[in-house]
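**Student:** Build me a model:
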Amino acid sequence: MASVAFDTLTFARTLRDKVQLSPEQAEGFAVAVPEAVQGDLATKSDLHSLDTGLRNEMQALRTELKNDIQTLRTELKNDMQTLRTEFKSELRESESRLETRLERQRSEIVKWMFGTIGFQTLIILSAVIALVRVVGP
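**Tutor:** You can find the predicted model right below:
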């Protein structure tokens, strides 16, 4: 328990002389006040222990926070890498589907071109044959 430098004799005399208390009352106050106050006072040792404890707790929290941040960074990097991989895969699939569609469209265009050229050739040949018959022998 902490001890406080308290002059009980001077306190008792002050109570007796200035406040006009009886000597018994003044002595009772002089004994009771230091006992009541001493239970609530902290010593330098108490404050030092509290300070050390708080510093240790803060350091532990800092370490825990740094570890949590590092864990989150690692998880975030892993998640980003997974997303990149998935995105690249989906992009390759989309490119492949697009190339397939373009190839189909090309073949359709080629079919239509040859069909159109063939049809035009037939029309021109028919016109030439018709002209030869009309102009002919």
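**Student:** Pull up the gap between T10 and S49, please.
**Tutor:** Per C-beta to C-beta, to the nearest Å, T10 is found 33 Å from S49. For glycine as for every other residue, the C-beta is placed from the backbone atoms N, C-alpha and C.
**Student:** Sorry, slip of the keys, the one I care about is K111.
**Tutor:** 92 Å.
**Student:** Beyond the least confident helix or strand in the chain by mean pLDDT, next helix or strand please.
**Tutor:** Lowest by mean pLDDT, DSSP states H and E among the helices and strands of the chain is helix 23-38, with a mean of 79. Sequence order places helix 44-135 as the next helix or strand after helix 23-38, per DSSP states H and E.
**Student:** any idea of the mean pLDDT in that next one?
**Tutor:** Averaging pLDDT along helix 44-135 gives 94.
**Student:** coming back round to it: mind giving me the packing neighbours of the least confident helix or strand of the chain?
**Tutor:** Here helix 23-38 touches helix 8-18, going by 3 or more C-beta pairs under 8 Å, 6 or more residues apart in numbering; DSSP states H and E.
**Student:** report the angle between the axes of the helix it packs on and helix 23-38?
**Tutor:** 130 degrees (axes from the mean of the first three to the mean of the last three C-alpha atoms, to 10 degrees).
**Student:** From the contact counts, what lies against helix 8-18?
**Tutor:** Right, helix 8-18 is packed against helix 23-38 by 3+ C-beta pairs under 8 Å, 6+ apart.
**Student:** Which positions within the helix it packs on qualify as buried?
**Tutor:** Judged by neighbour count using 16 or more other C-beta atoms under 10 Å, the buried positions of helix 23-38 are A26, E27, F29, A30, P34.
**Student:** How far off centre is that helix?
**Tutor:** In terms of C-alpha atoms, centre = their mean, to the nearest Å, the centre of helix 23-38 is found 59 Å from the chain centre.
**Student:** now do stretch 95-114
**Tutor:** So, by C-alpha atoms, centre = their mean, the centroid of stretch 95-114 is 47 Å from its chain's centroid.
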